[in-house]
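In: need coordinates for the below:
(2 chains)
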Amino acid sequence: MKTTLVENYPGFADGIQGMDLMGIQAERFGTEVVYDDVTAVKLTGPVKMVSLGSGEQVQARTIIFATGSANRKLGLADETRLSGYGVSWCATCDGFFFRGQTVAVVGGGDSALEEATFLSRFADTVHLIHRGETLCASQVMQDRAAADPKIVLHLHSRVEHIHDAEHVTGITITDTLDGDSQELPLQGLFVAIESDPRTHLVHGQLAFTEHGTIEVEHPSSRTEIAGVFAAGDVVDAHYRQAVTAAASGTIAAHDAEEYLAALNDPQTRAQPNLTRATAGSAGA
Amino acid sequence: MSSSPVTDATFQAEVLNSDTPVLVDFWATWCGPCRAVSPIFDQIGTEHPDRIRVVKIDVDANPVTAQKYGITSIPAMKVFLGGEVVKTVIGAKPKPALETDFADWL
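Out: Residues are numbered from 1 along each chain as shown, chains lettered A, B, ... in the order given. Okay, the predicted model is just below:
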């Protein structure tokens, strides 16, 4: 959930804040929102189990996976250490701090070009570093970046090293065609390479497609395990829009409701689907 | 209860001169993850009133303080004790993870 202003959500002519699209409405209908990390899930059997970072466990007859996607890291040694000290994954959050400075964006897709264009509002120079020989962003994004005098494009290049003195001071990039290296002095490094569906919780429990998304019976949200559904970026590696994810979530909610009704359990309607119990020693 | 805002003008008195530890939440209105963690800090402040004071500072309106402490990613959370930074956490996390990060001060 990085996007600040969602510009293309139907019905909101002036755009809407990503945060305002979420949560509030579902809570009005009795949804209890628990803000925590899920550490493990057990999907088999009629009652599923979700373990939380707090040590609590949530039991449910159905689970909908809507865990989205996560940015891929560059895989450099100092990347994590320097997060928040010049390395950033969110241009809309952090671009403001680089007013009048030099930054780099790594990536060549829509999100990388969107970040580069956004950052050029603040930074004096934006190096755009992409390992491929051509960009993969949409033509309109490429045209916008090409027309921006602050954006300097480095194709077939990869980041070799991040230099720092507590805070990022520069990077070394290598041209993959001729092997030449150069150092770019800069203060900010924004990573915007591909993102992957966030599915580590269900590895070994559910089937996956060749794109790494959870296998579902399209157009439904049903996975191979009864009572387990998936929606949003974890089932869609292609469109990944706020509105397509919302529609996908609606489908999953309907599928879950139908599943519960079909259980033919008189208690299904009488009792809430969710129960919570604090695990004895798990939280210690 | 919402944690109280501080500014460039009040930072010295409210944070640096405080006798008790102060947890400062550096945030901005346009930062989605900041808005997600903000209610968690309100709760932490309410739950540990005798241990720590929780305040927030809008980096957009108060650039001097943000620059002084080298803030380049938000949300950034810093504990100040005796005018010094004694703990820094950067990035939104769920409440149990933040409670673990700040366990020494809660």
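In: all contacts plus neighbour counts: C-alpha atoms, from now on.
Out: Fine.
In: now the helices for chain B?
Out: Using DSSP state H, the helices of chain B run over B:11, B:32-47, B:63-68, B:95-101.
In: for chain A, what are the nearby residues on chain B?
Out: Contacts of chain B with chain A, taken as CA under 8 Å from any CA of the partner chain, map to B:30-33, B:35-36, B:71-74, B:90-91, B:94-97.
In: let me know the closest of these to A:Phe96.
Out: Ranked by distance to A:Phe96 (CA to CA), the residues of chain B next to chain A are led by B:Thr72 at 8.3 Å.
In: check contacts around the closest residue to the closest one other than its chain neighbours.
Out: Of all residues not flanking B:Thr72 in the chain, A:Phe97 sits nearest, at 5.3 Å (CA to CA, 6 or more residues apart in numbering or on different chains). Residues in contact with A:Phe97 (CA atoms under 8 Å, 6 or more residues apart in numbering or on different chains) are B:Ile71, B:Thr72, B:Ser73.
In: the residue nearest in space to the middle of chain B pairs with what?
Out: In chain B, the residue lying closest to the centroid (CA atoms, centre = their mean) is B:Val24, at 1.8 Å. For B:Val24, the beta-bridge assignment (DSSP bridges) gives partners B:Val55, B:Lys78.
In: any regions of chain A where pLDDT drops low?
Out: A:1-5, A:19, A:22-24, A:264-284 (pLDDT under 70).
In: what is the longest helix anywhere in it packed up against?
Out: The helix spanning the most residues in chain A, taking DSSP H as the definition, is helix A:242-262. With contacts taken as 3 or more CA pairs under 8 Å, 6 or more residues apart in numbering or on different chains; DSSP states H and E, helix A:242-262 sits against strand A:63-65, strand A:228-230, helix A:266-270.
In: neighbours of A:Leu184, just the number please.
Out: 17 (other CA atoms under 10 Å in any protein chain shown).
In: swap in A:Gly11?
Out: 8.
In: measure it to A:Val243 for me?
Out: 11 Å (CA to CA, to the nearest Å).
In: how about B:Lys93?
Out: Taking CA to CA, one finds B:Lys93 at 25 Å from A:Val243.
In: now for the helix or strand hosting A:Thr174, which elements pack on it?
Out: Assigned by DSSP states H and E, A:Thr174 belongs to strand A:167-175. In terms of contacts (3+ CA pairs under 8 Å, 6+ apart), strand A:167-175 is packed against strand A:157-165, strand A:181-185.
In: can you list the strands that the first one pairs with?
Out: To tie it back to what came earlier, the one meant is strand A:157-165. strand A:167-175 (antiparallel).
In: also the shortest one?
Out: With DSSP bridges as the test, strand A:181-185 is paired with strand A:167-175 (antiparallel).
In: how far away from the center of its chain is the strand it pairs with?
Out: What separates the centre of strand A:167-175 from the centre of its chain is 25 Å, taken as CA atoms, centre = their mean, to the nearest Å.
In: any idea how far A:Val38 is from the residue nearest to the centre of chain B?
Out: From B:Val24 to A:Val38 the distance is 27 Å (CA to CA).
In: could you pull out the helices for the stretch 1-150 of chain A?
Out: With DSSP state H, counting those that start in this stretch, the ranges of helices along the stretch 1-150 of chain A come out as A:18-21, A:24-28, A:91-94, A:110-119, A:139-146.
In: dump the second one to PDB, keeping only the CA atoms.
Out: Spelled out, it's helix A:24-28. Output in PDB follows, covering the C-alpha atoms of helix A:24-28 (Å, rounded to 0.1, in the frame of the first residue of the first chain):
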ATOM      1  CA  ILE A  24     -13.400   2.200   7.200                       C
ATOM      2  CA  GLN A  25     -16.300   0.900   5.100                       C
ATOM      3  CA  ALA A  26     -15.800  -2.700   6.100                       C
ATOM      4  CA  GLU A  27     -15.600  -1.800   9.800                       C
ATOM      5  CA  ARG A  28     -19.000  -0.200   9.500                       C
END
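In: which of B:Lys93 and A:Val243 has more residues huddled nearby?
Out: B:Lys93 (19 against 15).
In: right, and that one touches B:Ser38 too?
Out: No - counting by CA atoms under 8 Å, B:Ser38 is not a contact partner of B:Lys93; they are 10.8 Å apart.
In: which residues does the residue lying closest to B:Thr88 once chain neighbours are set aside contact?
Out: Using CA to CA, 6+ apart and skipping the chain neighbours, the partner closest in space to B:Thr88 is B:Lys78 (4.5 Å). Neighbour list for B:Lys78: B:Leu23, B:Val24, B:Asp25, B:Val85, B:Val86, B:Lys87, B:Thr88, B:Val89 [criterion: CA under 8 Å, 6+ apart].
In: correct me, but A:Ile193 touches A:Trp89?
Out: No - using CA under 8 Å, A:Ile193 is not in contact with A:Trp89; the gap is 9.7 Å.
In: hey, what's in contact with both of those two?
Out: Joint contacts of A:Ile193 and A:Trp89 (CA under 8 Å, 6+ apart) are A:Asn71.
In: quick one: the strands in the stretch 1-150 of chain A?
Out: A:5-6, A:16-17, A:38-42, A:48-52, A:56-60, A:63-65, A:69-71, A:87-88, A:102-106, A:125-129 (DSSP state E, counting those that start in this stretch).
In: of those strands, which is nearest B:Arg51?
Out: When the strands of the stretch 1-150 of chain A are compared (using CA to CA), the closest one is strand A:56-60, at 25.4 Å.
In: I am finished for the moment; much appreciated.
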